[in-house]
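# sequence and predicted structure, then a few things I'm wondering about:
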Amino acid sequence: MLKKVYKDLFDLAGTSGNEKNVRGYMKADMEKYPNYKIETDRLGSIFAVKKAKDPKAPIVMVAGHMDEVGLIVVGITSLGMLKVEPQGGLNGEVFISQVLNVYTKNGVIKGVIGAIPPHLKKEQGTAFSDLVLDIGATSKEEALSFGVSLGDMVLYDNPFCYTKNPNRLISKSIDNRYGCGLALEAMRAFHDIELPYTLIIGATVQEEVGLRGAETSVNYFKPDVFLVLDASPVNDALDKDALGGLGKGFLLRMYDPKNIMHQGLMAFFTKLSKKHNIKMQHFVSMGGTDAAVALDLNEGVLATTIGLPARYIHSTAAMMDLRDLDEARKMLYTVLKTLSPKLIQELKESNS
C-alpha cells in the first residue's frame, strides 16, 4: 500500500512556477522535525538542513522536484475560449477531449479541450495552437468575469487508482512527487541519526522547464554530493528489450545527454546495491534531471539520480510499481548510511 505522504503529494496541483501548494505541504512536514533548519532560495526551492558537528564536514544534498508538467493560459478569444501552452515536455494529442481545471483567482473552474476536427486539418498531428479550452463562456468578457487571467495554471483531476495488480498504481504527477515524498521519508528517517556530513534534503522548483531550481539551490548550498530523486520514463510495455521496466528495481541513470555518470560513483552504487541485495537497473534516457545542472557547478559536483521507473509520464496519468519505490528507498538510505568524509573524498578522486 502506498504511504499517505505520496498520495497527498500526487493530489496537489503545482506546475512550474506554481509550486506553492507542494512547498506548503513539505514545509509543514519539515516543521515537525526540530533537528533540521528549513531554508529556501529565492526561486522557492525548500530544504531541511541538518548540520554536522564538524563545520568543515562535506555536504550531501538530496532533492526531488516539486513541479509537474501542465498548461498555462496564454490567451482568451473573443468567443471566450482559452488558449494554452505547455509547461514542460507535453504533446497536444494528450489533451484532446480532456476535462481540465483552470486555477483562477476565484477558484477552480472546469473546461474541456476542443480541437480542429481531423478532416478539416491541413496537417496531421496536434499542436497546442490547434487547441482551445472551452469553459462554457460565450465571450471574452464572460470568461474574464469567471475570474480567468492570463498565466493561470491548468491541470487535470488526479485519476489515482490501483490496478488489478496491487503493486501498481495510476496517478498524475508521479513525476515528480515521488521524489518529494521520498525526500520527506528520508528526512524523518535520519532525524535522530548523527551523520558525519551535513545533510540537506528537500525539493527544487522549475525542473520541468530547464532545471532552474537545482541551479540556484546547488549554487546556494554548494554540496559535495547531489542525489536526485526523480521518475524516469520506461518503455517496457511496448519494447521487451528496452532498458528499464516496472517491478525490476530503481533506475541507475548511467547516461543522458547532459550527464554521463561519474565512473567512481557508478562503481560505488553498483557495488553497494549488490552487497545489500537492492534491485537496480542500468538506465539510459534522452531527457535530463536536476543532476545534470549540478554536475558542472562549483568546480564539479558528484551528482546522480536514483530513478523511479514510470510508464507514460509527461501526460495526464502515469503508472508506477510500489516494489520499485521500495528499492529506491533502500538505495537512498543505504547510500546515506555509507557515505563518510573519507569515502566522499575517495569518490571525488576516483575519476581523476
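Great, that's in hand.
# buried ones in stretch 141-150?
143, 146, 148 (16 or more other CB atoms under 10 Å). C-beta coordinates here come from the backbone N, C-alpha and C atoms, glycine included.
# which residue, other than its chain neighbours, is closest to the last one?
Meaning Val148. Thr104 (5.3 Å; CB to CB, 6 or more residues apart in numbering).
# give me the below-cutoff pLDDT ranges for the stretch 101-250 of the chain.
116-125 (pLDDT under 70).
# between the buried residues of stretch 141-150, which sits nearest Val94?
Nearest to Val94, judged by CB to CB, of the buried residues of stretch 141-150 is Val148 at 21.9 Å.
# quick one: residues contacting the closest one.
73, 76, 82, 102, 104, 109, 135, 137 (CB atoms under 8 Å, 6 or more residues apart in numbering).
# hmm, back to that, the residue nearest to Val148 touches Ser145, doesn't it?
No: Thr104 is beyond contact range of Ser145, at 10.7 Å (criterion: CB atoms under 8 Å).
# check contacts around Lys27.
38, 46 are the contacts of Lys27 under CB under 8 Å, 6+ apart.
# how far away is Ile313 from Glu68?
10 Å (CB to CB, to the nearest Å).
# from Glu85, how far off is the residue nearest the centre of the chain?
The geometric centre of the chain, computed from its C-alpha atoms, lies nearest to Asn176 (CA atoms, centre = their mean), at 2.4 Å. Distance of Asn176 to Glu85, computed by CB to CB: 21 Å.
# quick revisit: now, the contacts of Val148 that are in strands?
Within the contacts of Val148, residues falling in strands by DSSP state E are 73, 76, 82, 102, 104, 109.
# all the helices of this protein, in order from the start?
Assigned by DSSP state H, the chain shows helices spanning 4-11, 20-30, 140-145, 174-189, 212-221, 263-275, 290-295, 322-338, 341-349.
# so which of the ones you listed is nearest Val49?
Nearest to Val49, of all the helices of the chain, is helix 212-221, at 7.9 Å by CB to CB.
# residues contacting that closest one, please?
So helix 212-221 is contacted by 41-45, 47, 49, 59, 61, 63, 65, 200, 204-207, 226, 228, 290-291, 293-294, 297-298, 301 (CB under 8 Å, 6+ apart).
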